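> Whatever this is, show me its structure:
(chains A, B, C and D)
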Protein chains: 2
Amino acid sequence: MALRHAVLAALLDGEYSGYQLAKAFDVGVANFWHALPQQLYAELTKLEKEGLVAGRQVVQETRPNKRLFRVTDAGRAELERFAAAVSKPSFIRDDLLVKVHTADRIGTAPVIEQLEERASAAEAKIELLGKLLRQLRGDADEEEFLRRGERIGPYLTCLRGLAFEQEHRDWCLRIAVVLKERQSTHAER
Amino acid sequence: MALRHAVLAALLDGEYSGYQLAKAFDVGVANFWHALPQQLYAELTKLEKEGLVAGRQVVQETRPNKRLFRVTDAGRAELERFAAAVSKPSFIRDDLLVKVHTADRIGTAPVIEQLEERASAAEAKIELLGKLLRQLRGDADEEEFLRRGERIGPYLTCLRGLAFEQEHRDWCLRIAVVLKERQSTHAER
DNA sequence: GCATCATACTCAAGAAAATGACTAGTCATA
DNA sequence: TATGACTAGTCATTTTCTTGAGTATGATGC
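Sure thing, here's the model as predicted:
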């Protein structure tokens, strides 16, 4: 029971279909959770059965029909309960880091390549988040927005995501340089 | 098949028992993977069955006997294969971030408290990692060590962990301040 | 005019991870 | 002298996540 709260949190600001939610889990929500569409559909079904979200059918002419979900009062209460409970510590889980750990014991060339790819991906995400943040805060500057904005929750998690991506990009690039230099000077493997 | 590579990577630098490995997964290895002791024991059993690690019984007088594992050539080959394969993108998954996302929709007081606790925990981890890094690089300064050190893999992942924790601490503290200020000025919920 | 992308989902199977309960001896401490 | 922490694990169950395949329609691009 962990994805459920991420879904409830994502659903706090309006009605979304499973499909739209899946999109959200690719950008903004990705800053605090990750899930595939199938999981979201399944979770929404469960949440509805438990009365934490309510869905309604929307008939569309030119597109397939869809079901829009919103958080119920029971769902809000569940989030309240969740917010007050202890959090599990967060942790990193990353294939690429595992590979870097083996660097200088195992061939490094493919790892260097992946570090650079990852850095580009992070760069792209940084731009995306920059845009999202500007959009969320409208005209106001950040300080101002954080003090007086109506809804800062999503903004705050995007800030965390942005910092994470920047840090990740910098680390990837630095490590790639370090490994490359060692490759040329040591001339090993 | 994901934990397996983390275990193999952790086991690259010597022989460890499941118990010792569990300790390592609480500090250094935690920078790229996380697992409970039970998972490690189970994974070691599987890896041994597949010949990727080899275990040997060590009889102890004053402590329970233990089994020490090392990576076999087949295990090293598996890591090689893994290093060359594409990596899944890394992602954050954090209860606390979910809670922050709901901030200003759901009661913030408990979240502020948790942010501060989390910041202290991060601080402790930062110190721990600082010590670990100094220990890993010995006398050399960082630049020097990264250029000429024998084994830099674990050092690099610790650097990533350190950056992550520092940033996490800074973010937690900043968000706590932001939420507190809003609490007093808005005087809502 | 054909291919691919976008919307909007569902179903099933399997792999991986998390949880909880248990064993059993040693050591330090209050 | 009991209390709890440390070493060193095992076993079983449940939950969660991932993978892969499939359905159906309309719009867009070459």
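
> Any idea how many residues pack against residue A:74?
A count of nearby residues for residue A:74, using other CB atoms under 10 Å in any protein chain shown, gives 14. Heads up, the C-betas are built off the backbone N, CA and C, glycines and all.

> I should have written residue A:16 there, sorry.
22.

> Mind telling me what element residue A:185 is part of?
Per DSSP states H and E: residue A:185 is located in helix A:153-186.

> Counting neighbours, which bits of that helix end up buried?
A:153-169, A:171-176, A:178-179, A:182 (16 or more other CB atoms under 10 Å in any protein chain shown).

> what does stretch A:14-33 give?
Taking 16+ other CB under 10 Å as the neighbour-count basis, stretch A:14-33 is seen to contain the buried residues A:15-18, A:20-22, A:24-25, A:28-33.

> Give me the pLDDT for the residue nearest to residue A:130 when sequence neighbours are not counted.
Closest residue to residue A:130 in three dimensions, ignoring its sequence neighbours and counting by CB to CB, 6 or more residues apart in numbering or on different chains: residue A:162, at 7.1 Å. As summarised for this prediction, residue A:162 has a pLDDT of 97.

> So residue A:162 is in contact with residue A:126, correct?
Yes. Counting by CB atoms under 8 Å, residue A:126 is a contact partner of residue A:162 at 6.4 Å.

> quick one, domains of chain A?
Structural domains assigned to chain A are A:3-84, A:95-186, following automatic domain parsing.

> re the thing from before, so the residue nearest to residue A:130 versus residue B:179, what's the distance?
Note on residue A:162: its distance to residue B:179, by CB to CB, to the nearest Å, is 18 Å.

> same question, residue A:1
Relative to residue B:179, residue A:1 is positioned 25 Å away (criterion: CB to CB).

> ok, now residue A:42?
From residue A:42 over to residue B:179 the distance is 33 Å, taken as CB to CB.

> count of neighbours near residue A:120?
Per other CB under 10 Å, the neighbour tally for residue A:120 reads 12.

> and it, that's in a helix?
Yes. Residue A:120 sits within a helix when classified using DSSP: H, G, I helix; E, B strand; the rest coil.

> Quick check: pLDDT value at it.
Here the pLDDT value assigned to residue A:120 is 95.

> Next, count neighbours for residue A:130.
Around residue A:130 there are 12 residues (other CB under 10 Å).

> Chain A: strands as residue ranges?
Defined through DSSP state E, the strands belonging to chain A, from first to last, are A:53-58, A:66-71.

> is any part of the first one close to chain B?
No. Between strand A:53-58 and chain B, judged by CB under 8 Å from any CB of the partner chain, nothing touches; the nearest distance is 14.4 Å.

> No further questions, thank you.
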